[in-house]
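Visitor: I'd like to go over a predicted model; first the sequence, then the structure.
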Amino acid sequence: MDLDIADQEVLRSFLIKLYGSQVNKWPMNEKMFDTTYQLLDESSKCSDLMDLVPRPYAPGKSAIKYLTKQARSMLLRQLKTREMHYLSCVRTTAFSLKHNFMAVASGL
């Protein structure tokens, strides 16, 4: 299944945000789509773990209340539907998979 023009442009605009104008030279095909899916899958794993990181502690507050609230917030973040990714996760994953995108762009 080939990507239609609209899908190609959506994919290209997403990748430009991560890799810059060099993406304009890349072919927007099934392999590029699959590699982008891999990026989002890896980013999702990172984002799931980031949900478990406690938020900053405000000095002067009760530590017990803080920990209770953080545990509740972590659980709620895990239960919600994953519709967004942490930007730091997307950028880190994009950096680690750049060689995959370059290989697809060169036809490998």
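Guide: Nice, thanks for sending it over. Predicted, not measured: the structure shown is a model, and the values here were computed from it.
Visitor: okay, now the unreliable bits of the protein?
Guide: 1, 79, 81-83 (pLDDT under 70).
Visitor: centroid-nearest residue for it?
Guide: Geometric centre of the chain, nearest residue: residue 90, 3.2 Å, by Cα atoms, centre = their mean.
Visitor: from residue 27, how far off is it?
Guide: 22 Å (Cβ to Cβ, to the nearest Å). (Glycine included, C-beta is placed from N, CA and C.)
Visitor: check residue 91 too.
Guide: 23 Å.
Visitor: got it, and residue 18?
Guide: For residue 18, the distance to residue 27 - Cβ to Cβ - is 17 Å.
Visitor: who has more neighbours, these two?
Guide: The neighbour count for residue 18 versus residue 27, taken as other Cβ atoms under 10 Å, is higher for residue 18 (17 against 14).
Visitor: let me see the contact set for that one.
Guide: 90, 91, 94 (Cβ atoms under 8 Å, 6 or more residues apart in numbering).
Visitor: at 10 Å instead, please
Guide: The contact partners of residue 18, taken as Cβ atoms under 10 Å, 6 or more residues apart in numbering, are 36, 39, 90, 91, 93, 94, 95, 97, 98, 101.
Visitor: adding secondary structure and distance to residue 76, write those out as TSV.
Guide: As requested, the contacts of residue 18 are exported to TSV (DSSP: H, G, I helix; E, B strand; the rest coil; distance: Cβ to Cβ, whole Å):
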residue	secondary structure	distance to residue 76
36	helix	29
39	helix	26
90	helix	22
91	helix	25
93	helix	24
94	helix	28
95	helix	30
97	coil	30
98	helix	34
101	helix	34
